[in-house]
Each structure stands twice: as structure tokens, then as C-alpha cells.
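Asks: Give me a model of this one.
(one chain, ligands or ions: 1)
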Amino acid sequence: MLYCTKCRAVSAEGSRACSACGSHRLRPVKNGDFVYLQRASEYVAGELSSLFQEYGIRYEMLPYGKGRVVSLYDMEVMPTDKALYVVYDQLEAARTLVAAHEKLEADAAETQPEEEEEAFNLRRAIAACGGAIAFILFIMLMSWLVTRIG
Ligand SMILES: [Zn+2]
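Replies: This next block holds a predicted model:
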């Protein structure tokens, strides 16, 4: 793998230019190099950094695009976004952790609507019960009135 000394991304062996930034300042990557992992929102970056700490992955977190908004028209990029770098010999381990974390988040997002549906069903059940009780009270009131009149 080749390391870009401009943006710290790794490119495939034999690349003429960096696959991330197009720079020609490439050299063979060393195990101790901090290489670019990915961009993450401030929140995700915080979660990932505690995950990296937990698993002993050496990482660096810097403001994405040095804190400047890279493109005003790219609404995906926030000025608070972080760029995450990990030491090259732990790059694969870091990617595995990120993938596992993303899967967990996706699963959590999937189970949420079910809970909402349950709450909705409960509300409907309560409403139905309330309706039944009101109906019984109405019948009781009517029969009481009928006995009074009669
Ligand atoms: Zn580059």
C-alpha cells in the first residue's frame, strides 16, 4: 500500500496518484503511520473514539478539512465533522470495529419503529376500553332514567 503525505490516505500498490486527493506525493506506507480512516460527525466520532480506546486502537481525531467547510453546497459536511486517523497496522481492525458499530446502529434504528407501533397499539387499546366503559355507563344511565320515569 502507498501512503499519501498530503492527506494521509492509503492507495493501492502501484498507484500513480492518491485515490483520495490526487496528490503524487506517495511513498510506501509504514506500520506506524497514522492513515486516514474516514470522516464522521462529531457525535459518531465521539462514539468511535471511545470504541477505539476500549479496543486499544491508536487513533487521531482532527477537525475535518481543518475546520473549514469544504463546500458550502455540500450539506452533508458539517463544520464540526471530524477526520479520523488510525495507525496503519490497526487499520483493518479499526474498519472492522466501525462496520460492527454501524451495524449495531442500523439494528437499533430498525427496532425503534416496532416500539412506536407497540405504543400506538397500547393507545388504541386504551381508547377502545375507554369507549366500552363510556358505553356501559351510558346504558346504566339510560336504564336508571327508565326506572325513574317508569
Ligand atoms: Zn492524498
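Asks: For the rest of this, base every contact and every neighbour count on C-alpha atoms.
Replies: Fine.
Asks: Please, where are all the helices along the protein?
Replies: Secondary structure of the chain (DSSP state H): helices located at 42-54, 91-149.
Asks: Reformat those helices into a markdown table and put distance to L26 and mean neighbour count next to each item.
Replies: Shown next, in a markdown table, are the helices of the chain (distance: least, Cα to Cα, whole Å; neighbours: other Cα atoms under 10 Å):
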| stretch | distance to L26 | mean neighbour count |
| --- | --- | --- |
| helix 42-54 | 27 | 15 |
| helix 91-149 | 18 | 12 |
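Asks: Which of those sits closest to the ion?
Replies: The closest of these to the ion is helix 91-149. By Cα to the ion, the value is 16.5 Å.
Asks: for that closest one, packing partners?
Replies: Using 3 or more Cα pairs under 8 Å, 6 or more residues apart in numbering; DSSP states H and E, the elements in contact with helix 91-149 are strand 34-40, helix 42-54.
Asks: I'd like the ones you listed as TSV, with distance to A119 and mean pLDDT appended.
Replies: What follows is the helices and strands packed on helix 91-149, written out as TSV (distance: least, Cα to Cα, whole Å; pLDDT from 0 to 100):
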stretch	distance to A119	mean pLDDT
strand 34-40	33	95
helix 42-54	28	95
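Asks: related to what we said a few turns ago, mean pLDDT lowest for which of the helices of the chain?
Replies: Across the helices of the chain, helix 91-149 has the smallest mean pLDDT, namely a mean of 87.
Asks: That one to helix 42-54, inter-axis angle?
Replies: Inter-element angle recorded for helix 91-149 and helix 42-54: 120 degrees (by axes from the mean of the first three to the mean of the last three Cα atoms, to 10 degrees).
Asks: distance between stretch 13-26 and the chain's centre?
Replies: 30 Å (Cα atoms, centre = their mean, to the nearest Å).
Asks: Use 4 as the first number for this chain going forward.
Replies: With the count now opening at 4, the last piece we talked about shows up as stretch 16-29.
Asks: Contacts for that stretch, please.
Replies: Contact with stretch 16-29 is made by M4, L5, Y6, C7, T8, K9, C10, A12, V13, S14, as judged by Cα atoms under 8 Å, 6 or more residues apart in numbering.
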